[in-house]
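Asker: A structural model of the following input is requested.
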Amino acid sequence: MISNKLYFLGKAGLGKNYVIDIIKKAEPDYETIKIAEPIYRVIELIKRDCIVDSSMAIEKLGFSKKTARNIIIDILENIDYNSLYLDKPRQPLQVAGDVIRSYNKDILIEYAYKQTIDKKKVIVEDVRLKAEADYFNDRGFIGIKVCASDKVREKRLKARDKDFNSEEMKHKTETEIDLIDNVVHVFNDYNTSEKEIIWQLQAIEKAFKKELNSGMMIAQSV
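Answerer: Have a look, this model is predicted:
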């Protein structure tokens with residue numbers, strides 16, 4: 001594989017988990033970390049009316065008890081309760097992420113990064129903001145951007161999410177992905193097979209090795 005430290009990015013509906021699962025099938029030693037995992041946990045607790053537990057989950061990120069309580073209050077005041085109980089409560093998840101980052105813009109990525117430190121092979125699953133990509137680039141991670149046509153993406157979302165809302169696709173965690181560069185691209189259109197994904201990854205790995213060898217030859221000749 002290109003690197004032992006990878007992060008994945010891509011808009012909703014591009015099949016990031018499909019590509020990640022192919023990598024993990026080929027190399028089972030990879031472990032996965034989700035930046036958004038604490039956000040999912042908080043929203044799940046709120047859905048179950050476990051408000052105290054949701055505040056404690058925020059504390060585990062590194063916030064004080066008072067700040068965690070204020071964060072939960074802000075989330076409760078801004079979520080769409082009609083969306084909360086959907087299979088994919090995207091609006092509440094987006095709100096929770098925005099609120100948490102408004103109190104500390106880096107706390108989610110720092111929390112995720114700490115979980116990667118002792119792992120030999122790791123994939124950070126869900127980079128969505130430029131600041132997140134820059135953070136992991138600076139720490140030696142290689143970004144893989146999963147791509148597909150807009151038509152394919154919309155078709156997948158409508159098939160997967162019964163209550164697909166195109167307005168949620170205008171959130172910065174979707175639109176800011178277009179601003180992220182310095183990553184490699186894997187194309188996953190509607191009928192892209194596992195073999196085709198592997199072929200793309202192997203081609204990228206060969207290109208990386210060729211570039212690395214060229215750099216070493218130049219350094220030796222200077």
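Asker: burial measure for Leu129, as a count.
Answerer: 21 (other C-beta atoms under 10 Å). In this view, the C-beta of every residue, glycine as well, is placed from N, C-alpha and C.
Asker: Ramachandran angles for it?
Answerer: In terms of degrees, to the nearest 10, the main-chain angles of Leu129 are phi -120, psi 150.
Asker: Could you verify my assumption that it touches Thr173?
Answerer: Yes: here Leu129 reaches Thr173: they are 6.5 Å apart, a contact under C-beta atoms under 8 Å.
Asker: can you map out the strands along the chain?
Answerer: Ranges of strands in the chain, per DSSP state E, are 5-9, 31-33, 122-127, 142-147, 184-187.
Asker: could you dump those to a markdown table with mean pLDDT?
Answerer: What follows is these, written out as a markdown table (pLDDT from 0 to 100):
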| stretch | mean pLDDT |
| --- | --- |
| strand 5-9 | 95 |
| strand 31-33 | 96 |
| strand 122-127 | 94 |
| strand 142-147 | 94 |
| strand 184-187 | 94 |
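Asker: Could you export those strands to TSV, including columns for distance to Asp53?
Answerer: Listed next are the strands of the chain as TSV, based on distance: least, C-beta to C-beta, whole Å:
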stretch	distance to Asp53
strand 5-9	29
strand 31-33	22
strand 122-127	23
strand 142-147	34
strand 184-187	38
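Asker: In a markdown table, list the ones you listed along with mean neighbour count.
Answerer: Output for the strands of the chain, formatted as a markdown table (neighbours: other C-beta atoms under 10 Å):
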| stretch | mean neighbour count |
| --- | --- |
| strand 5-9 | 23 |
| strand 31-33 | 17 |
| strand 122-127 | 23 |
| strand 142-147 | 20 |
| strand 184-187 | 18 |
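Asker: How many residues are close by Leu108?
Answerer: Close neighbours of Leu108, defined as other C-beta under 10 Å, add up to 20.
Asker: how far away is the residue lying closest to it once chain neighbours are set aside from Glu196?
Answerer: Of all residues not flanking Leu108 in the chain, Ile35 sits nearest, at 5.5 Å (C-beta to C-beta, 6 or more residues apart in numbering). According to C-beta to C-beta, to the nearest Å, Ile35 stands 28 Å off from Glu196.
Asker: In terms of neighbours, single out the busier of those two.
Answerer: Ile35 (23 against 15).
Asker: Any stretches of the chain with poor pLDDT?
Answerer: 162-164, 212, 214-222 (pLDDT under 70).
Asker: Next one: the most centrally placed residue in it from Tyr81, what distance?
Answerer: Taking C-alpha atoms, centre = their mean, the centroid of the chain lies closest to Asp126, which sits 0.6 Å from it. In this view, Asp126 and Tyr81 are 24 Å apart by C-beta to C-beta.
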